[in-house]
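[1] How does the following fold in three dimensions:
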Amino acid sequence: MEATCTHGHTIDALHIMLSSFPHPPTPTSAPIGVQMLPLQPDASPKGCAGCHRKIRDRFLLKALDKYWHEDCLKCACCDCRLGEVGSTLYTRANLILCRRDYLRLFGATGNCAACSKLIPAFEMVMRVRESVYHLDCFACQLCSQRFCVGDKFFLKNNMILCQSDYEETSAKETFPSPVPT
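    So this is what the prediction gives:
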């Protein structure tokens, strides 16, 4: 079973998306305010930071010192409109995120399910269901093979397994070893 976020994206796809940015992650961002402003009739139209077109709507959003159409300021993970879900957004690794996805991807302070050490809130993490892992600890629990971007992993009896160990343990369950007599 591959892990997915609450929006249906596979962890592999999210990890690829996060690792494709040229700059390393910055420390945890503080919530950034989003303001909804009425368009001033006498002002020249502002350009949208998302689509780069002029904003001629009745309202516009201001966030990150830029102006946005209401439909253009979205979470990079779940595509929710950030003007609708509240008045804050988060940024990290060149992503604009809603609070839920920010905490899901970058983790609140907690303990790693593999090594039990504290995970700082600014550190990137891997999540599988309710468990959180340091990137260095996210490995097959039988052979210790670390996963690279795009590798499949499986969750079996709450153990993270690589594909070969998953297939091997599944084969043993299907064809049990003979019991000595």
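[2] which stretches of this protein form strands?
    When secondary structure is read from DSSP state E, the chain shows strands at 32-33, 35-38, 59-63, 66-68, 88-92, 95-97, 110-111, 118-119, 125-128, 131-134, 153-156, 159-162.
[3] out of those strands, nearest to residue 51?
    Set against residue 51 and scored by Cβ to Cβ, those come closest in strand 66-68, at 8.8 Å. Yep, even glycine has a C-beta here, placed from its N, CA and C like the rest.
[4] First-to-last residue distance for stretch 114-127?
    12 Å (Cα to Cα, to the nearest Å).
[5] Among the strands of the chain, which comes closest to residue 76?
    Comparing the strands of the chain by their distance to residue 76 (Cβ to Cβ), the top pick is strand 95-97, with 4.3 Å.
[6] And the closest one, what does it pack against?
    Secondary-structure packing of strand 95-97 (3 or more Cβ pairs under 8 Å, 6 or more residues apart in numbering; DSSP states H and E): strand 88-92.
[7] Extract the residue ranges of the chain that are flagged as low pLDDT.
    1-42, 85-87, 107-109, 175-181 (pLDDT under 70).
[8] Show me where it has its helices.
    With DSSP state H as the criterion, the chain has helices at 11-19, 99-106, 163-174.
[9] can you tell which of the strands of the chain is closest to residue 77?
    It is, among the strands of the chain and with distance given as Cβ to Cβ, strand 95-97, at 6.1 Å.
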